[in-house]
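# let me see the structure of the following:
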Amino acid sequence: MTPKPSGDLVFFIDRSLGRKQVALALREAGAAVEAHDDHFPQTILDIEWLAEVGRRGWVVLSKDERIRRNRIERAALEAARVRAFFLTQQDITGQETAELFSNALPGMTRRAVSEPAPFVFTISRSGKFSRVR
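Model prediction:
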């Protein structure tokens, strides 16, 4: 899949990040954002929504380590050619998460446009990006 121009990028907020704070911060920073609960039931399996989000070409934002580490979920991410960014820090507040993703938006946008899918980058609390896949 050819990366879309940054104006066409849509960031998908996984349910692990909540529904409001991260989405609001990214929208205020100028990003197009879709939230998990606006499209999928809470009970949907990750492998199911990953396939649909990949089909739509959305960029996944999450802190759900299972998607990164579980063999089946990782295979679903790769099969769907998903571009994804995961926080490495689990024990931060919603406000801290929103600020971290908002500050990382330029780097996420640059990578989402220039890196071939599928990919997984982690983002540390300090804002450092590391490519996992």
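
# where do the helices sit along the protein?
Counting by DSSP state H, the chain has helices at residues 21-28, 46-56, 65-69, 71-79, 94-114.

# redo those as CSV? Include distance to I123 and mean pLDDT.
For glycine as for every other residue, the C-beta is placed from the backbone atoms N, C-alpha and C. Below are the helices of the chain laid out as CSV (distance: least, C-beta to C-beta, whole Å; pLDDT from 0 to 100):
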stretch, distance to I123, mean pLDDT
helix 21-28, 12, 94
helix 46-56, 18, 95
helix 65-69, 12, 81
helix 71-79, 16, 92
helix 94-114, 5, 95
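
# which stretch among the ones you listed comes nearest L87?
helix 94-114 (6.7 Å; C-beta to C-beta).

# the residue nearest the centre of the chain pairs with what?
Using C-alpha atoms, centre = their mean, the residue of the chain that lies closest to the mean C-alpha position is L61, 1.7 Å off. With DSSP bridges as the criterion, L61 is bridged to I13, F85.

# surely it and D14 touch.
Yes. The pair formed by L61 and D14 meets the contact definition of C-beta atoms under 8 Å, at 6.4 Å.

# can you pull the buried residues of stretch 38-55?
F40, D46, I47, W49, L50, A51, V53, G54 (16 or more other C-beta atoms under 10 Å).

# whoops, stretch 107-126 was the one
Within stretch 107-126, the residues that count as buried by 16+ other C-beta under 10 Å are M108, T109, R111, A112, V113, A117, P118, F119, V120, F121, T122, I123.

# just to revisit the earlier point, turn the buried residues of stretch 38-55 into TSV, columns for distance to V22.
Below are the buried residues of stretch 38-55 laid out as TSV (distance: C-beta to C-beta, whole Å):
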residue	distance to V22
F40	16
D46	18
I47	22
W49	17
L50	18
A51	22
V53	16
G54	20
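
# what's the closest of those to E65?
Once C-beta to C-beta is applied, the member of the buried residues of stretch 38-55 that ends up nearest E65 is D46, at 11.4 Å.

# residues touching the closest residue to the closest one other than its chain neighbours, list them.
Distances taken as C-beta to C-beta, 6 or more residues apart in numbering place E73 nearest to D46, at 5.0 Å, with adjacent residues excluded. When contacts are counted by C-beta atoms under 8 Å, 6 or more residues apart in numbering, E73 touches D46, I47, L50, R66, I67.

# okay then, goodbye and thanks.
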